[in-house]
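>>> the following comprises the amino acid sequence and a computationally predicted model.
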Amino acid sequence: KKTYKIEFDQIEVIEAMGDYAKVKAGDQTLIVHQTLQKLTEQLPHEGFRRIHKSFIISMSKLQYIEGNMAVVAGQKIPIGQTYRTDFLDNFIK
């Protein structure tokens, strides 16, 4: 039941875990009691993108895209078919 302060620019990846989410921020990994949908509403839209039903990534931490995978801070994240077109359109801009 601790409350942590994390700056948006520290967040790399957010992964869904049912009614919880795993937030990876640098060397910290926090489990928060929020759904991915609620977190999506709270994050600044221009800095973060949902690329899969289970993942939100920080666009500033995105290293490259290879096939259907985005590499963020050395971690391979799948790009879901539903989110692919919107993600790639915004990535190119």
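Thanks, I have the structure now. Residues are numbered from 1 along each chain as shown.
>>> helix, strand or coil for the residue nearest to Gln42 when sequence neighbours are not counted?
Computed as C-beta to C-beta, 6 or more residues apart in numbering, the closest residue to Gln42 that is not its neighbour in sequence is Gln34, at 8.0 Å. (Each C-beta comes from the backbone N, C-alpha and C, glycine too.) Assigned with DSSP: H, G, I helix; E, B strand; the rest coil, Gln34 falls in the coil class.
>>> surely Gln34 and Lys22 touch.
No: in this structure, Gln34 is not within contact of Lys22 by C-beta atoms under 8 Å, at 10.8 Å.
>>> quick one, which of those two is more surrounded?
Gln34 (17 against 14; other C-beta atoms under 10 Å).
>>> what sits against the more buried one?
Residues in contact with Gln34 (C-beta atoms under 8 Å, 6 or more residues apart in numbering) are 19-21, 42.
>>> figure out how far stretch 49-66 is from the centre of its chain.
Relative to the centre of its chain, stretch 49-66 is centred 5 Å away, using C-alpha atoms, centre = their mean, to the nearest Å.
>>> give me the buried positions along that stretch.
Across stretch 49-66, burial judged by 16 or more other C-beta atoms under 10 Å covers 49-52, 54-58, 61-62.
>>> what of stretch 24-35?
In terms of neighbour count (16+ other C-beta under 10 Å), stretch 24-35 has its buried residues at 24-25, 34.
>>> same check on stretch 79-93?
79, 83, 87.
>>> residue ranges with poor pLDDT in the protein?
By pLDDT under 70, the low-scoring segments of the chain are 92-93.
>>> just the strands in it please.
Assigned by DSSP state E, the chain shows strands spanning 11-17, 20-25, 28-32, 48-52, 55-58, 62-66, 69-72, 75-78.
>>> ok, Met69 - how many residues close by?
Neighbours of Met69 using other C-beta under 10 Å come to 14.
>>> the residue lying closest to it once chain neighbours are set aside: neighbour count?
In this structure, Met69 finds its nearest non-sequential neighbour in Lys76, 4.7 Å apart by C-beta to C-beta, 6+ apart. Burial of Lys76 is recorded as 11 neighbouring residues (other C-beta under 10 Å).
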